Structures are given as C-alpha cells and as structure tokens.
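> Kindly return the folded structure for what I paste below:
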Amino acid sequence: MTDNKRLAFSIIQFLHDQLQSGTLSSDAQESLEVAVQCLETAFEVSTDDQSLAVPMTLPEIFTSATAKSQVNNNSTPNSPTEEQKAEAERLKSDGNDQMKVDNFAAAVEFYSKAIAINPQNAVYYCNRAAAYSKLGNYAGAVQDCERAISIDPNYSKAYGRMGLALASLNKHTEAVSYYKKALELDPDNDTYKTNLKIAEEKMDTSSPTAGLGGVDLAGLLSNPGFMNMASSLMNNPQVQQLMSGMMSGAYGGMGGGGAGGGGGAAPPPGPAPAAPSAAAPGDLSRLIQAGQQFAQQMQQQNPELIEQLRSQMRNQTPSSGNEEQP
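As a prediction, the model looks like this:
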C-alpha cells in the first residue's frame with residue numbers, strides 16, 4: 001500500500017500545483033479542490049506528510065518516461081539474418097506463384113509470412129496489397145500501401161496500387177493524387193496514365209450515364225445500326241404481344257368501383273379472383289429470351305457496334321495492368 005500512497009501523494013501534489021497556477025476557471029478550480037479532498041480521504045494521505053514524497057514530481061516522471069519510449073520507438077529493429085532474408089524471398093516467390101493462378105487468399109498467407117520474417121521490406125506489403133485488392137479487401141490494400149510507402153517513399157508501384165484501392169472505394173480525389181505521384185516516379189507507365197485519366201473523369205464530372213455503367217447513351221441512340229436493331233425488335237409481333245401482356249398485368253389491378261353506391265355491377269358470388277401480378281414468371285423468361293435474341297442479332301449484323309460498347313465498358317474501369325509481382 002505504500003507505493004499506492006506515494007503515487008496518490010504525487011498526484012495530489014500535482015493537483016495542488018495546478019490549483020496554484022492560476023490558469024483554471026473558478027468552476028474548474030472548485031472541481032479540482034473536491035477531487036483533492038476525495039483522494040486524500042480515499043488514500044489517507046496529505047501533502048503535509050513529506051515522508052511520501054519522491055525525488056521527481058509527477059510531470060518530471062512523465063517526461064522522462066515518454067522520452068525513453070520515443071527512443072525505443074526510433075531504435076532500429078533487429079535486422080533479419082541472411083538465411084531469414086532468403087526464406088522471406090522464397091515465401092514471396094510462392095505468393096507470386098499463387099497470384100499467377102488467381103489463388104489470392106493463399107498469396108496473402110505467403111506474403112504475410114514473408115512480412116513476419118522481414119517487416120522492413122516494402123515489396124512484401126505492396127504485393128499483399130495487390131492480393132487484398134483482388135479479394136475485394138480494399139481497406140487492407142490501402143493499409144499495406146501506406147506501410148510500403150512509409151518504408152520506401154520512392155516506390156512507385158505502392159502509389160499506383162494505392163490509387164487502385166482508393167478508386168475501388170470511390171475515393172477518386174485521393175486516387176488522383178496517388179496516381180500523379182506514381183507517374184512522377186515512373187513517368188512512362190501507361191497504366192498509371194490511363195488510371196489517372198479515369199479517376200480525373202470520375203472526380204470532375206458527374207456523368208448522366210453513370211447508372212448504365214459508363215456507356216455513352218447519347219452516342220448509342222444516334223447510332224443508325226443500333227436504332228435499326230431496336231426498331232426491328234419492337235416491331236416483332238412476339239415482343240409486342242409480350243409487352244402488351246406485361247402492361248395489362250401491371251395496370252389491370254388499378255381499376256375498381258367508386259366509393260359508396262357506385263354504379264358498377266356487383267361481382268358474382270364465389271372466390272375472389274387473384275390480383276394480377278406485374279409480370280408472370282413466364283413473361284419475364286420470354287423477355288429475357290427476346291433480349292438474348294436481340295443481342296445475338298446485333299452481334300451478327302453489327303459486330304463493330306458491339307466491340308465499341310465493350311471498349312467503352314473496359315475504358316471505365318481502372319486497370320492493374322499486366323505487371324508482374326516483383
């Protein structure tokens with residue numbers, strides 16, 4: 001209990017010094033006086049009992065402890081041995097092999113083991129960030145890229161992969177800054193240039209066709225080939241019959257007799273008819289089939305238009321490129 005009393009004495013002494021500093025408001029000073037009285041009562045100590053005093057005041061003890069902690073944090077960790085470095089490199093290579101066969105979860109495990117052996121290698125964190133992104137763990141990818149950059153601030157690939165992860169989180173403004181930094185370090189990288197352009201477009205403009213996956217709807221509707229295909233589809237008797245049935249199903253249940261003594265005839269006795277649905281499963285199936293036939297017809301008659309649509313979709317998605325894991 002003696003150590004506890006000495007600690008309580010130091011705390012009370014510190015609070016007394018604060019009361020005498022003149023920096024507290026009247027309310028704060030009153031609250032502090034109550035706190036001092038409570039501590040003195042609880043620990044049965046008084047500032048008059050100098051036998052409990054220690055050589056250093058509480059602020060001096062705190063300053064000394066935090067200074068030592070800072071020294072420990074800044075000290076260089078033990079470097080791995082050559083054998084450990086070789087083992088970490090082997091694990092990294094195993095992770096790279098798993099990435100090549102799209103086994104991303106296994107790749108994460110190998111990279112994590114390499115990091116455990118040599119946590120000061122930026123490549124290991126950057127590679128694991130790529131695996132995390134493939135798994136959809138973009139927050140984990142961001143953390144690993146931050147770690148890689150802190151180890152090697154000139155590692156362009158870490159900035160590029162950070163941009164990819166941020167873009168996947170719809171943080172396009174932040175992604176732009178990282179793509180720009182990646183290009184500063186690797187100005188000839190076409191992947192960074194493409195991804196930067198995409199991020200800037202998504203940051204600066206709010207496209208009215210965003211709900212269509214970035215497809216240029218205005219250009220599509222002005223394309224004669226597409227409009228001819230659409231006209232042919234809508235003039236198809238089967239499609240017309242299908243759409244007519246779906247519309248009558250959607251609106252057939254909206255009518256009804258007026259309130260009170262309306263003039264409509266009373267329904268015949270017996271079970272009430274089931275309410276019509278918006279679209280029966282068979283109608284939906286036929287609609288999907290008609291859409292598939294339309295797509296096949298477009299592919300056969302106007303393959304250039306289909307390739308144009310595919311190209312637009314590809315150009316709206318940031319790419320990780322065909323880069324190999326280092």
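> From now on I want contacts and neighbour counts done on CA atoms only, so please keep to that.
Will do.
> now the protein, which segments are flagged as low pLDDT?
1, 67-77, 204-230, 232-234, 236, 238-324 (pLDDT under 70).
> Please repeat the previous calculation with a cut-off of 50.
206-214, 250-251, 253-268, 270-279, 314-315 (pLDDT under 50).
> list the contacts for residue 29?
residue 19 (Cα atoms under 8 Å, 6 or more residues apart in numbering).
> in the helix or strand it falls within, what's buried?
According to DSSP states H and E, residue 29 maps onto helix 26-43. For helix 26-43, burial by neighbour count (16 or more other Cα atoms under 10 Å) applies to 29, 32, 36, 39-40.
> before we move on, what about stretch 144-157?
144-149, 151, 154-157.
> try stretch 45-61
Neighbour-count burial for stretch 45-61 [16+ other Cα under 10 Å]: 45-46, 52-53, 58.
> quick one: terminal-to-terminal distance for that stretch?
20 Å (Cα to Cα, to the nearest Å).
> can you tell me how far residue 66 sits from residue 49?
28 Å.
> cool, and residue 127?
Distance, residue 127 to residue 49, by Cα to Cα: 62 Å.
> Also residue 156?
Counting by Cα to Cα, the gap from residue 156 to residue 49 is 63 Å.
> Over to residue 98?
69 Å.
> Please apply the same query to residue 37.
15 Å.
> what's the answer for residue 120, then?
Counting by Cα to Cα, the gap from residue 120 to residue 49 is 52 Å.
> what do you get for residue 122?
For residue 122, the distance to residue 49 - Cα to Cα - is 57 Å.
> what do you get for residue 141?
Residue 141 is 58 Å from residue 49, by Cα to Cα.
> Grab the CA positions of stretch 118-136 and hand them over as PDB.
Presented in PDB, the C-alpha positions along stretch 118-136 are these (Å, rounded to 0.1, in the frame of the first residue of the first chain):
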ATOM      1  CA  ASN A 118      11.300  -9.200 -42.700                       C
ATOM      2  CA  PRO A 119       8.800  -6.400 -41.800                       C
ATOM      3  CA  GLN A 120      11.000  -3.700 -43.400                       C
ATOM      4  CA  ASN A 121      10.600  -4.900 -47.000                       C
ATOM      5  CA  ALA A 122       8.200  -2.600 -48.900                       C
ATOM      6  CA  VAL A 123       7.700  -5.100 -51.700                       C
ATOM      7  CA  TYR A 124       6.100  -7.600 -49.400                       C
ATOM      8  CA  TYR A 125       3.500  -5.100 -48.300                       C
ATOM      9  CA  CYS A 126       2.800  -3.900 -51.800                       C
ATOM     10  CA  ASN A 127       2.400  -7.400 -53.100                       C
ATOM     11  CA  ARG A 128       0.000  -8.300 -50.400                       C
ATOM     12  CA  ALA A 129      -1.900  -5.100 -51.200                       C
ATOM     13  CA  ALA A 130      -2.400  -6.400 -54.700                       C
ATOM     14  CA  ALA A 131      -3.700  -9.700 -53.400                       C
ATOM     15  CA  TYR A 132      -6.100  -7.900 -51.000                       C
ATOM     16  CA  SER A 133      -7.400  -5.800 -53.900                       C
ATOM     17  CA  LYS A 134      -8.100  -9.000 -55.900                       C
ATOM     18  CA  LEU A 135     -10.100 -10.300 -52.900                       C
ATOM     19  CA  GLY A 136     -12.000  -7.000 -52.600                       C
END
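> Next, residue 48: secondary structure please.
coil (DSSP: H, G, I helix; E, B strand; the rest coil).
> Ignore what I typed, I meant residue 136.
coil.
> ok, now residue 174?
Once three-state DSSP is applied, residue 174 turns out helix.
> Residue 13 contacts residue 46, doesn't it?
No. Using Cα atoms under 8 Å, residue 13 makes no contact with residue 46, being 9.0 Å away.
> wait, residue 186 sits on residue 154?
No. Applying Cα under 8 Å as the test, residue 186 and residue 154 come out as separate, 9.8 Å apart.
> residues near residue 138, how many?
22 (other Cα atoms under 10 Å).
> which residues does it contact?
Residue 138 sits in contact with 132, 165-166, 168-169, where contact means Cα under 8 Å, 6+ apart.
> before we move on, what about residue 171?
Here residue 171 is in contact with no residue (Cα under 8 Å, 6+ apart).
> wait, what's in contact with residue 202?
residue 172.
> Tell me which helix or strand it sits in.
Assigned by DSSP H and E, residue 202 falls in helix 190-204.
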